[in-house]
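Student: the following block contains a protein sequence and its predicted model.
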Amino acid sequence: MNAHQGSLSPMPSDPAPTIRLSCGYGTDRGLRRELNEDSLLAADPVFAVADGMGGHEAGEVASRECVSALRQCAALAAGSRDATAADLQLALQQADARIRELTNSRAGTTVSGVVLVEERGVPYWLVFNVGDSRTYRLSQGKFEQVTVDHSEVQEMVDAGFITPAEALVHPRRNVVTRAVGTGDDAQADYWLVPVEEGDRYMVCSDGLNAELTDNQIHRILSTTAGPQDAVDSLVQSALRSGGRDNVTVIIVDARAVLNTAAQ
């Protein structure tokens with residue numbers, strides 16, 4: 001088996017039992033790649049996917065080191081709700097330095113994800129992104145891509161030179177403009193989004209959205225109840241559509257009870 005799945009249940013010792021999280025995750029080498037250069041982290045409060053670039057084992061090292069830096073960040077300790085964008089950026093800077101040291105700047109990684117945080121007792125999703133891995137949100141019936149790709153084709157779409165449909169088949173579609181561990185820019189973009197009852201967030205490497213349209217992704221997310229079942233369905237759908245790249249998906253669902261005094 002070159003696939004890996006798992007699920008996460010809420011921790012009974014969570015200090016703030018106002019939100020129940022359930023999570024599923026999976027990764028697959030795909031049908032054409034020899035190695036899986038994706039890495040993932042799915043451990044409350046952080047859910048992140050890193051997609052390594054560099055070939056051979058270098059990309060695998062880059063994504064692994066990025067996830068390791070997030071795992072070791074004190075502000076992202078199990079059950080913590082205190083992380084800030086500054087905490088995340090420091091962890092990514094440490095990952096950037098470590099990857100450059102290990103690979104002589106020959107490899108890099110994208111990374112995208114979401115962290116559950118609290119501000120004055122109110123829960124938020126802190127979404128972050130470097131490169132063209134993505135974080136999507138399905139909430140209150142609305143489906144959207146939260147992150148914006150750091151890629152040449154996204155810049156061309158933004159400038160009106162090509163359409164989103166043309167970007168999917170453009171010869172430069174795999175060229176990223178920001179990465180951790182290589183290039184000139186490892187700065188993440190950040191979004192702070194209030195938690196809504198029933199939120200479903202999906203984080204993925206581009207091996208998913210290169211094979212499935214947003215409409216196909218939306219259909220699976222909105223019709224499959226369990227997060228692990230939804231992950232498995234998405235990964236298998238990507239493989240059936242060609243599986244030309246590594247495919248990694250995390251889905252985290254939130255059941256938020258904001259007014260605990262009323263319980």
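Tutor: On my side now, so go ahead.

Student: where is the longest helix in this structure?
Tutor: In the chain, with assignment by DSSP state H, the single longest helix is helix 85-103.

Student: any low-confidence regions in the stretch 51-200 of the chain?
Tutor: Counting by pLDDT under 70, the stretch 51-200 of the chain has low-confidence residues at 55-56.

Student: follow-up on the earlier one: and the longest helix of the chain, what does it pack onto?
Tutor: Using 3 or more Cβ pairs under 8 Å, 6 or more residues apart in numbering; DSSP states H and E as the contact test, the elements touching helix 85-103 are helix 58-71, strand 108-119, strand 122-130. C-beta: built from backbone N, CA, C; applies to glycine.

Student: those: which one's closest to D51?
Tutor: strand 108-119 (4.6 Å; Cβ to Cβ).

Student: ranges for the helices of the stretch 151-263 of the chain?
Tutor: Remark: helices assigned in the stretch 151-263 of the chain by DSSP state H, counting those that start in this stretch are 152-158, 164-167, 206-209, 214-223, 227-240.

Student: for the longest one, what does the pLDDT average out to?
Tutor: For helix 227-240, mean pLDDT is 98.

Student: for the closest residue to G226 other than its chain neighbours, give me phi and psi.
Tutor: Nearest residue to G226 in three dimensions, chain neighbours excluded: G24, at 6.9 Å (Cβ to Cβ, 6 or more residues apart in numbering). Backbone torsions for G24, taken as degrees, to the nearest 10, come to phi -130, psi 150.

Student: against S112, how distant is G24?
Tutor: Distance, G24 to S112, by Cβ to Cβ, to the nearest Å: 17 Å.

Student: what about the two, which has more around it?
Tutor: Using other Cβ atoms under 10 Å, the more surrounded residue of G24 and S112 is S112, with 29 against 24.

Student: who's in contact with the closest residue to the more buried one other than its chain neighbours?
Tutor: In space, and not counting its chain neighbours, S112 is closest to S133: 3.9 Å by Cβ to Cβ, 6+ apart. Residues in contact with S133 (Cβ atoms under 8 Å, 6 or more residues apart in numbering) are V49, A50, D51, T110, V111, S112, T147, V203, C204, S205, D206.

Student: quick one: contacts for the closest residue to the last one other than its chain neighbours?
Tutor: Okay, so that is D206. The shortest distance from D206 to any non-neighbouring residue, by Cβ to Cβ, 6+ apart, is to D132 (5.2 Å). Residues near D132 by Cβ under 8 Å, 6+ apart: D51, T110, D149, H150, S151, Q154, N174, V176, D206.

Student: please consider this matter closed, and thank you.
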